[in-house]
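Novice: Please find the sequence and the predicted model below.
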Amino acid sequence: MGMITGTAITTTITMTEAASLYRLMTWLSPAYPTGGFSYSHGLEYAVEAGLVASGEGLYDWIETTLADGPGLIDGALLAAAWRAVRADDDAALAAVVEVAACWRGTSETALEAFQPGAAFLSTCQAAWPDPWLDRLAGSLGGRKLAHAVAVGVAAAAAGVPLDAALVAYLESFAANLVSAGVRLVPLGQTAGQIAQARLLPVVAATATRAAETPLDDIGTAALGVELASMRHETQYTRLFRS
């Protein structure tokens with residue numbers, strides 16, 4: 001209970017809301033064993049080439065990556081997977097898995113999507129078992145599973161609202177790049193958190209666009225990010241896997 005202008009208010013969090021929040025915070029925490037911390041999505045090359053050399057530059061790079069690049073794509077894939085599960089439509093989910101496998105511009109961004117996707121699914125099956133996760137695993141037939149699709153399936157199966165899942169996933173996406181930038185540029189922790197705070201409206205707007213974008217209409221306009229990823233493949237010294 002708290003006091004606002006002399007009026008007592010009480011905020012009640014339902015068990016359903018608490019469970020949704022708890023799952024998202026756990027699944028998208030750096031502690032969840034997906035290995036996401038080892039990827040920079042081409043940012044390592046961008047720093048090496050002098051394209052990102054400050055907190056402002058880091059913000060600009062991540063803003064583009066989120067709003068016009070793989071962040072938007074992943075959000076749309078997550079939303080499509082979420083809706084397929086909620087509609088109990090295995091065929092639609094299989095189509096999302098297939099489309100997600102195509103939206104990878106380089107070998108390293110493919111690894112960045114599929115290795116965490118497989119790790120996320122297997123960890124969830126062990127720690128947060130659900131029939132939908134088993135159905136998904138059994139239907140892959142050797143196909144690769146993108147991380148965003150796996151998160152969408154888990155969220156829908158657990159009854160986590162789509163808007164919350166999108167914002168949480170994209171915030172995690174941004175936070176991983178901020179963390180990489182803090183180490184690579186290098187920047188102080190405060191500079192990194194300033195960039196993270198400034199990205200809030202970008203994350204919110206991208207989540208909205210992703211929820212409204214059909215699979216047939218997704219696309220990117222972040223060629224520099226893809227080129228950086230390609231250059232990273234042959235970069236002499238590398239700390240990150242992408």
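Specialist: Looks like it came in fine. Numbers count the residues shown, from 1 in each chain.
Novice: Verify the stated contact: Thr64 with Ala228.
Specialist: No - in this structure, Thr64 is not within contact of Ala228 by Cβ atoms under 8 Å, at 10.9 Å. All C-beta atoms are positioned from the backbone trio N, CA, C, and that covers glycine.
Novice: of the two, who's got more company?
Specialist: More crowded of Thr64 and Ala228, by other Cβ atoms under 10 Å: Ala228, with 27 against 17.
Novice: burial measure for the residue nearest to that one when sequence neighbours are not counted, as a count.
Specialist: Leaving aside its chain neighbours, Ala228 sits nearest to Gly42 (3.3 Å; criterion: Cβ to Cβ, 6 or more residues apart in numbering). Using other Cβ under 10 Å, Gly42 has 33 neighbouring residues.
Novice: distance of Gly42 from Gln235?
Specialist: For Gly42, the distance to Gln235 equals 10 Å [Cβ to Cβ, to the nearest Å].
Novice: With Pro131 instead?
Specialist: In terms of Cβ to Cβ, Pro131 sits 43 Å off from Gln235.
Novice: between these two, which one's more packed in?
Specialist: Neighbours per residue, other Cβ under 10 Å: of Pro131 and Gln235, the larger number sits with Gln235, 15 against 8.
Novice: Can you report how many residues lie near Arg198?
Specialist: For Arg198, the neighbour count with other Cβ under 10 Å is 14.
Novice: Pretty sure it sits against Tyr59.
Specialist: Yes - in this structure, Arg198 is within contact of Tyr59 by Cβ under 8 Å, at 5.6 Å.
Novice: Strands of the protein, residue ranges please.
Specialist: In the chain, the strands defined using DSSP state E lie at 2-4, 7-9.
Novice: Check those for me: which has the lowest mean pLDDT.
Specialist: Mean pLDDT values for the strands of the chain show the minimum at strand 2-4, a mean of 38.
Novice: what stretches of this protein score poorly on pLDDT?
Specialist: For the chain, the stretches with pLDDT under 70 are 1-12.
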